[in-house]
Each structure stands twice: as C-alpha cells, then as structure tokens.
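Engineer: any chance you can model this:
(one chain, ligands or ions: 2)
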Amino acid sequence: MSKAKTQYRCRECAATYPKWMGQCLDCKAWNSLDEEQVSAAQSKPSRGGGYTGGASQAIVTLDQVKGQSHITYSTDMGEFDRVLGQGVVKGSVVLLGGDPGIGKSTLLLQAIANLSSRMKTLYISGEESAEQVSLRGQRLDKDLSQFSFLSETEVEKILATLQSFAPDVLVIDSIQTIFTATLSSAPGSVSQIRESAAALVRYAKQSGCTVFVIGHVTKEGAIAGPRVLEHMVDTVLYFEGEAASKFRLLRVVKNRFGPVNELGIFAMTATGLKGVTNPSAIFLTGRETAVAGSTIIVGWEGSRAILVELQALVSDALGHPKRVALGLDQSRLTMLLAVLSRHCGIVMGDQDVYVNVVGGVKMPETATDLAVVLACLSSFKNQPVDHKTIVFGEIGLAGEIRPVPNGEDRVIAAAKQGFTRAIIPTANAPRKKINGMEIVCIKRIEEVLALM
Ligand code: TYD
Ligand code: MG
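Structural biologist: Numbering: from 1, shown residues only. Ligands and ions are numbered 1, 2, ... in the order given. Okay, here's the model as predicted:
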C-alpha cells in the first residue's frame, strides 16, 4: 500500500516545499503555501519518470526528419483562424483565457460546431449541462447533429473516454473545474490545474488531437495558477472587452505556430460572436468638435491599424500628485512627464495626471507616446487639439521623436477614416502624397509646444 505524503505548494508559482513557510522562497509571495497530499506513487517517479503510456521515442538527427508543415483546420471564422495562425493547428494545445462571461464558451462553441461537420470533435464542460450548451447552440443556429458533448470533471475519466472516442479537436471548459484524483487539493487550486493540464498536454502530443483549454482569469489578471499554464501550452489567447461594449478583442500573447500580437475583433450579438473585418474605426466616438485633453492615436495591431481616442485629464492635485494610466503603461506615463519637464520646461509636479484609452482598449505600443504628451499638454493648457488630427510617434529620453513601424500605413488608414492632419515623426514621413492629409513632421518634443 502506498502512503500519502504531505507537501506544500505555492499558489502563485507552484513551487513545492516539504514544510510550511510564511513566504515562498521562489516568488517571495507571502502566505501563499497550500497543503496538499501526494500519493507515494506520484511523489516517487516510477520507471519511465512516472509516465507509463506509449513507447519511448528514438533519438534522431534532424536531417532525417522530413520537414512537414503544420496541418491546419479552418473554423470558418476568419478572425479566429487569423489569430490562431491560419486555423486550428493539429495536435496543438491552445489556452483561451478571459474574464467570466466575456464569451469564451460562446467562441469555442461556434468554432467547434463549424468543425464538427468535417471532423470528430468533443466538447467537455464542467461548468454547463448538456441542456444549457445545446440551447445555446440552437440559439446560435448551429447544426448540432455531429456535436459531441460530455459533462465530466475528473481528468482520469476524461482520458479514458478520449482513448476510446479519439476526437480530432477537444475543448475543456474550464480548466478550473477539472481535477485529478491523484491530488487531494480542491479543483481550481494551482496544483490541480497544473497536473490536469499536464495530463491533457501529454494526451494532445501523443494523439495529435488539438486541445482547447478555457481558463478564467483571476482579479490579478493572470490565468489562475498564474503563468504555470502559459508555458505548458503552444498558444495563449486572451479574450478581453468592456462589459458595456459589444466588441471583444482576442489577443495572442504566445503562439508557436503563428504571429504574436495579432488581434481578432468580434462583436457579441444576439446570435453569437461575429468577426469585425474592418475594425479601424470601431473605437472612435465620431466627435464633431474638439475638446481639450483628447487626441486620436493610430495603433497597429498585428497587421491592421486601429484608431482609438486617448484622453488625458490634468488637474490640481489635492495632496500627493497621482499618475493614472488606463490601457497604457503607467511607468511610461511617468517617464513622458519627466521628458516634458526636462526638455520643454513644463512641470506637472503639482498636478494629478489621468490618461485613458477610450473603449477599454489596451495600447501597449510606444507609438502612443506622442499622443500621450499632446493630450496631457492639451488638458494642462485647456487648449483642444483639432479633432480631425491623428498622432503617433515614440519619444526618447533625450526628447527626440522616434519612428514607429508601419508609419505610412497608419497615415493611410487615418485618411480613409476622414482625418485631415497627421502629427508624426519625421522619419515616418510618407514617400508619396496622401490625398486630403496634411502631414506635420516633428523631430523633437519641443516642437509639440508650437502645435498647441
Ligand atoms: P460565455 O460564452 O458564457 O462566457 P464565458 O464562457 O467567457 O464565461 O458568454 C456569456 C455572455 O455572452 C452572456 O453574458 C450572454 C452573452 N451572449 C450574447 O450576448 N449573445 C449570444 O448569442 C450568446 C451565446 C451569449
Ligand atoms: Mg463559459
């Protein structure tokens, strides 16, 4: 009889310790160790490192390996295929993260319903019953005659089913509800998530089945079992959006089979998610007059331009001055204000500065720098920037305006949306004239003052 052993695992980084401690030595988190029971069979690897399924692989030299391109399946959802890298890759493991209620189940239900007419698919849910999923599928007007569904949460039982059913594409909804009987900790704990996901990844690699794993995001913004899942899977997608907006953004943060930083845009409608193929202007409010503190930036996501309004509010601080950046990097805002102070002599040390990208969009690019500075100046001086003007450009610590990728394409995209003036880095000046667009090229941050 094997005896169970006690160990302690960190909730944040999954490091294990034989004794309880107040602080995790690995990630330095306090009070993050949970007790868990490990069966002796699991703690002591058996022959073959605890892994018993399948024969061991032979060592090869790489010139013997035939270059084989990935086999992909189209989901008939253009936006989803593009984000994945030309469709679902055979044998890959994809993690789909996002807030509860954002539409993860809906997205995969639609994709699987489309795939099910051409291949064997299986949707396993630990969250919803067959009736609930079926009702939703019918509401989305999908053909469910080939749609196989299983309600199960124990990973050993799931694996046993998979051996006999052998689907081509599998969905696990969600990893937080799945548990392995080899651990005594509760479903949803880091160790359960890690072990269950590891078993599913092994299955995908052995069988060539594509596995989609849905993961809910915790308040801290990481998929629960922080980061432990991200490095185990091939592709990590995050589904984001504002509760009040119908638009949903599908962002790729890791992809072994396609580009990262690609962005899929969907609209949540009464009949499910619809791809938005021309998203340039969806985040613009269409303001008819200029207001102080507002600028329009042209972001670049994957292969497309997106125009978004950026707003700043600079007001007298009551107490310690605040720096708040929503949708942007907070430390970048502090840096830009320092550059503004050093090179333009405009000091906002006694002011609160709030900057917000409208529509809940995240703009991680440095191309937003110039727009942030312009919006802050506009609010500070209470002077509006013309509302038909777009701005982009990176700002260096020496006050120089640096070029950004796809400069000319950004200007062309803005011209198509009816904008008439572009304030851009000199090095991004378009090579030929763009109809209806006045180009203002700047080299240094000091030149921004003359534009106000
Ligand atoms: P869901 O896919 O269940 O979210 P998740 O799996 O990420 O928790 O999405 C649920 C939300 O989507 C719910 O608030 C209702 C909305 N919704 C629509 O607006 N239209 C639809 O056709 C469907 C299926 C859902
Ligand atoms: Mg769901």
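Engineer: for the rest of this, base every contact and every neighbour count on C-alpha atoms.
Structural biologist: OK.
Engineer: which strand is the longest one in the protein?
Structural biologist: strand 304-316 (DSSP state E).
Engineer: what are the buried residues along that one?
Structural biologist: Across strand 304-316, burial judged by 16 or more other Cα atoms under 10 Å covers Arg304, Ala305, Ile306, Leu307, Val308, Glu309, Leu310, Gln311, Ala312, Leu313, Val314, Ser315.
Engineer: not counting its neighbours along the chain, what's nearest the residue of the stretch 201-350 of the chain found nearest ligand 1?
Structural biologist: Nearest to ligand 1, among the residues of the stretch 201-350 of the chain, is Gly272, at 3.3 Å (Cα to the nearest ligand atom). Distance criterion Cα to Cα, 6 or more residues apart in numbering; nearest residue to Gly272, sequence neighbours excluded, is Leu140 at 5.9 Å.
Engineer: can you list the residue ranges for strands in the stretch 51-200 of the chain?
Structural biologist: For the stretch 51-200 of the chain, the strands defined by DSSP state E, counting those that start in this stretch cover 72-73, 88-89, 93-98, 121-125, 148-151, 169-173.
Engineer: the first one pairs with which strands, and in what direction?
Structural biologist: To tie it back to what came earlier, the one meant is strand 72-73. Strand 72-73 has these partner strands in its sheet, going by DSSP bridges: strand 88-89 (antiparallel).
Engineer: and what of the fourth one?
Structural biologist: Take DSSP bridges as the rule and strand 121-125 pairs in its sheet with strand 148-151 (parallel), strand 169-173 (parallel).
Engineer: OK, contacts around Ala305?
Structural biologist: Ala305 makes contacts with Ser280, Val298, Gly299, Asp409, Arg410, Ala413, as judged by Cα atoms under 8 Å, 6 or more residues apart in numbering.
Engineer: isn't the last one up against Asn278?
Structural biologist: So the one you mean is Ala413. No - in this structure Ala413 lies outside contact range of Asn278 using Cα atoms under 8 Å: 10.7 Å.
Engineer: higher neighbour count, the two?
Structural biologist: Neighbour comparison, Ala413 and Asn278: the larger count goes to Ala413, with 18 against 11 (by other Cα atoms under 10 Å).
Engineer: now that one. Nearest residue, chain neighbours left out?
Structural biologist: Ala413's closest residue in space is Ala305 (Cα to Cα, 6+ apart), at 6.4 Å.
Engineer: tell me what the one you found is bridged to.
Structural biologist: Beta-bridge pairing for Ala305 (DSSP bridges): Trp300.
Engineer: separation between it and Leu284?
Structural biologist: To Leu284, Ala305 is 13 Å away according to Cα to Cα, to the nearest Å.
Engineer: circling back to that earlier point, now render the strands of the stretch 51-200 of the chain as TSV, adding distance to Met268.
Structural biologist: Formatted as TSV, the strands of the stretch 51-200 of the chain follow (distance: least, Cα to Cα, whole Å):
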stretch	distance to Met268
strand 72-73	24
strand 88-89	22
strand 93-98	15
strand 121-125	21
strand 148-151	24
strand 169-173	19
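Engineer: and those: which comes nearest Gln37?
Structural biologist: strand 169-173 (25.0 Å; Cα to Cα).
Engineer: is that closest one anywhere near ligand 1?
Structural biologist: No - figure legend: strand 169-173 not in contact with ligand 1 (Cα under 6 Å from any ligand atom); closest approach 7.8 Å.
Engineer: which of the residues in stretch 353-363 are buried?
Structural biologist: Val353, Tyr354, Val355, Asn356, Val357, Val358, Gly359, Gly360, Val361, Lys362, Met363.
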